[in-house]
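Trainee: My questions are about this predicted structure, shown below with the sequence.
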Amino acid sequence: EETRWQAELREQFPILAAHPDLAYLDSAATSQKPRAVLDAVQTYLTTSNANAGRGTYPWANRTTELLEATRQRVKEFLHDPGPDRSAVHFTGGTTEGLRTVARDWLTAYLRDGDEILVPFTDHRANLDPWLEARQLLAERGVDVRVRALPTQAASGDYDHRALAAAVGPRTRFVAATHVHHVYGGDMNVHRLRAAVGPDVPICLDAAQSVGHLPVRVDDPALDVDFVVFSGHKAMALPGSGALWARNARGPVLRPGGWQGTPNTVGVVSLRAALDWLDTVGPDRIARWTAALTTRLTDRLRHLAPYEVLGCRDSLAADSALPAAQRRHGIVTFRHSDIPSDDLGFILYSHGFMVRADSLCQAGAAEKDGSVRVSLHVYNTVSEIDRLSTVLASLA
Ligand code: PMP
């Protein structure tokens, strides 16, 4: 059943090829790296490693050029329609990117009495920076109200009708998540702009969407002002990531503070990773992981002790649904009798690497003992079938 392109693609991941007995099912935490990315890093370090922006010599100039070329590459990857106005900043990951928006842009933009809407049940990285910004402003005597982005109770998806009603004249900023890191559902962010109105800047946490599905800021339905993502979840090295700012609404983002030496190797890896992803094709990646996700969800649904979190099961069963309604490579579930840690150990004894501890979700769900299986394009049908067989044997 595995198509040939997928088998060839998987061979490009040395760590996977070296461990045929193991199944890596924790890609929402970080992805594995294809040889093209490892080679780009090796080539850079052995031909032109230097600091950026310092040099009168070729290695330094080459490093500076690589940084600038990667900024352009990020814009191109996101289908940026206005690359002359927008900006790309390199970060260590999504957490740092969101914090940069909060600290260096939002605190300069908000005025006393303003209101912001942010997610209270998504990843903590998309809540804490906004609360910190409110605190910073409060210390300067500027009072800002932080309100929860309305969500539908069971799915975690945003409630766009309630959102439209919640947006008022003092609403000045909205933060949202593209794909939820626990439920795996697309949060229907294509409905955000219509719900929020034309003037309010929107910041998108794209940690679980970049590299998994097309993220195109030229799409009028994805009219967001910031896209923040982790390179390391999208085939690049640990400690890499980027923040894209459209700079069309509100002031221009100018990251403050001493920037220091950039993570040049991370940036080099990011460029190679984006090249690799575009060669494979984000649409093809999305179709592959959605099919695997549906296969696993369908099996789990028929096994009594398992509960799949998020209420998109009925949707996920129908792979003919538009991409926006599918789960994207993440299935989080509970066993009625086996605690998540134990289930994690049992699964590893069979060679499956899953996430079985805290999922960093803000709010109550963190307490619920669940196991997360998260996939990328290198995962196979046979991995899903072997996993399903082991899970069935525990039912
Ligand atoms: N947001 C979401 C939706 C995530 O899934 C993650 C990583 N689990 C983060 C933010 C944080 O990313 P990073 O660890 O790269 O800062």
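Mentor: That came through fine. Residues are numbered from 1 along each chain as shown.
Trainee: Tell me how many other residues surround H302.
Mentor: 10 (other C-beta atoms under 10 Å). In short, each C-beta sits where N, CA and C put it, glycine included.
Trainee: Just to be sure, V373 is in a helix?
Mentor: No: counting by DSSP: H, G, I helix; E, B strand; the rest coil, V373 falls outside a helix, being strand.
Trainee: can you offset everything so residue one is 370?
Mentor: Fine by me, first position is 370 from now on; the one you just mentioned is V742.
Trainee: So it is in contact with L756, correct?
Mentor: Yes: using C-beta atoms under 8 Å, V742 is in contact with L756, at 7.0 Å.
Trainee: and for the two, which residues touch both?
Mentor: 394, 665 (C-beta atoms under 8 Å, 6 or more residues apart in numbering).
Trainee: Between those two, which is the more surrounded one?
Mentor: V742 (30 against 24).
Trainee: Report the closest residue of the stretch 420-569 of the chain relative to the ligand.
Mentor: Nearest residue of the stretch 420-569 of the chain to the ligand, counting by C-beta to the nearest ligand atom: G462, 2.6 Å away.
Trainee: which residues sit in contact with that residue?
Mentor: 576, 599-601, 608-610.
Trainee: mind redoing it with 6 Å?
Mentor: 599, 610 (C-beta atoms under 6 Å, 6 or more residues apart in numbering).
Trainee: And for G482?
Mentor: G482 neighbours (C-beta under 6 Å, 6+ apart): R539.
Trainee: Show me the domain layout of this protein.
Mentor: The record assigns the chain these domain ranges, following automatic domain parsing: 373-402+651-762, 408-648.
Trainee: Return the residues in contact with E676.
Mentor: With the criterion set at C-beta under 6 Å, 6+ apart, E676 makes contact with R703.
Trainee: N420 now?
Mentor: T630.
Trainee: ok, now how distant is it from L436?
Mentor: Counting by C-beta to C-beta, to the nearest Å, the gap from N420 to L436 is 11 Å.
Trainee: count of residues packed around G720?
Mentor: So G720, with other C-beta under 10 Å, has 17 neighbours.
Trainee: Quick check: the gap between N557 and D526.
Mentor: Counting by C-beta to C-beta - N557 and D526 are separated by 6 Å.
Trainee: What of L669?
Mentor: Going from L669 to D526 by C-beta to C-beta gives 20 Å.
Trainee: what phi and what psi does the backbone show at the closest residue to V443 other than its chain neighbours?
Mentor: Nearest in space to V443, with sequence neighbours left out and distances taken as C-beta to C-beta, 6 or more residues apart in numbering, is V457 at 4.6 Å. The phi/psi pair for V457 (degrees, to the nearest 10) reads phi -120, psi 130.
Trainee: V596 now?
Mentor: Dihedral angles (degrees, to the nearest 10) for V596: phi -120, psi 120.
Trainee: Kindly report the same for R585.
Mentor: phi -120, psi 110.
Trainee: all helices of this protein, in order?
Mentor: 373-379, 383-387, 404-416, 427-446, 463-469, 476-478, 497-508, 529-535, 561-565, 633-649, 651-670, 682-685, 709-718, 750-762 (DSSP state H).
Trainee: For those, could you give me TSV that also reports distance to R696?
Mentor: Below are those laid out as TSV (distance: least, C-beta to C-beta, whole Å):
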stretch	distance to R696
helix 373-379	19
helix 383-387	23
helix 404-416	26
helix 427-446	23
helix 463-469	20
helix 476-478	34
helix 497-508	26
helix 529-535	19
helix 561-565	19
helix 633-649	20
helix 651-670	5
helix 682-685	5
helix 709-718	19
helix 750-762	13
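Trainee: and the ones you listed, which is most packed in?
Mentor: Comparing these by mean neighbour count (mean count of other C-beta atoms under 10 Å), helix 463-469 ranks first with a mean of 23.
Trainee: and that helix, how far out from the chain's middle?
Mentor: Relative to its chain's centre, helix 463-469 lies at 12 Å (C-alpha atoms, centre = their mean, to the nearest Å).
Trainee: Report the mean per-residue pLDDT for that helix.
Mentor: Throughout helix 463-469, pLDDT has a mean value of 97.
Trainee: Other residues contacting it?
Mentor: 460, 494-495, 498, 576, 597-599, 610, 612, 624.
Trainee: Could you report the separation of the residue minimising distance to the centre of the chain from the ligand?
Mentor: The chain has A576 as the residue nearest its centroid, 1.3 Å off, counting by C-alpha atoms, centre = their mean. Going from A576 to the ligand by C-beta to the nearest ligand atom, to the nearest Å gives 3 Å.
Trainee: can you tell me which residues contact that residue?
Mentor: With C-beta under 6 Å, 6+ apart as the criterion, the residues that contact A576 are 463, 598-599, 602.
Trainee: A429 now?
Mentor: A429 touches 419, 423, counting by C-beta under 6 Å, 6+ apart.
Trainee: So what's the predicted local confidence for it?
Mentor: For A429, the predicted pLDDT is 94.
Trainee: Count the residues that sit near the residue nearest to V443.
Mentor: By other C-beta under 10 Å, 22 other residues sit near V457.
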